[in-house]
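Participant: quick one, what's the 3D model for this:
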Amino acid sequence: MLNEFKTFIARGNVLDLAVGVVIGAAFTAIVTSLVDDLINPLIGLIVGGIDFSSWGFAIGDAKFAIGSFINAVIKFLIVAWVVFLIVKAVNRLMPKKEAAPAAPPGPSDNDLLKEILAELKKR
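Facilitator: Numbering: from 1, shown residues only. Model prediction:
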């Protein structure tokens, strides 16, 4: 079982995924700062100084933080947009793969049947 685990961990896909998670965590910190420190104040200026993070209401002991949800949606949209732009740029930079040449067509069913009939006639 230990050898299987070593084989699993040594595969390239697992290492690529680990690197992606670490980079993603660092990217999340950047996006959080972008939203909290730049975008939300800009939106606040546009809508008259409203701070989303303080929006919310409570029912009994339950607090519904609508502003935090709005911030999370804004962060998600920014991350999705940046990932879209990165994928688009990488696809543009990657060399286009040439289509593999088509294999020459084999004999059709009729051709095979004709060959079989010719062999049978010879016997």
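Participant: show the pLDDT at the residue minimising distance to the centre of the chain.
Facilitator: Geometric centre of the chain, nearest residue: Val83, 7.4 Å, by C-alpha atoms, centre = their mean. On pLDDT, Val83 comes in at 77.
Participant: likewise for Lys121?
Facilitator: We have a pLDDT of 90 for Lys121.
Participant: phi and psi next, for it.
Facilitator: Torsion angles at Lys121 (phi, psi; degrees, to the nearest 10) stand at phi -70, psi -30.
Participant: then Leu112?
Facilitator: phi -60, psi -40.
Participant: tell me which residues of the helix or strand hosting the residue nearest to the centre of the chain come out buried.
Facilitator: In the assignment (DSSP states H and E), Val83 maps to helix 66-93. By 16 or more other C-beta atoms under 10 Å, the buried positions in helix 66-93 come out as Gly67, Asn71, Ile74, Lys75, Ile78, Val79. For the C-beta atoms, the positions are set from N, CA and C on the backbone; glycine is no exception.
Participant: so what's Phe57 closest to, chain neighbours aside?
Facilitator: Phe64 (5.4 Å; C-beta to C-beta, 6 or more residues apart in numbering).
Participant: check Val79 too.
Facilitator: Val31 (5.4 Å).
Participant: how near is that neighbour to Lys88?
Facilitator: 18 Å (C-beta to C-beta, to the nearest Å).
Participant: cool, and Asp111?
Facilitator: Asp111 is 47 Å from Lys88, by C-beta to C-beta.
Participant: pLDDT wise, what is Gly12 at?
Facilitator: Looking at Gly12, its pLDDT is 65.
Participant: how about Ile9?
Facilitator: Listed pLDDT for Ile9 reads 69.
Participant: what does the one 10 residues further on give?
Facilitator: With respect to pLDDT, Val19 scores 81.
Participant: and Ile70, by the same measure?
Facilitator: On pLDDT, Ile70 comes in at 83.
Participant: doesn't Phe52 make contact with it?
Facilitator: Yes. Between Ile70 and Phe52 a contact is recorded at 4.7 Å, counting by C-beta atoms under 8 Å.
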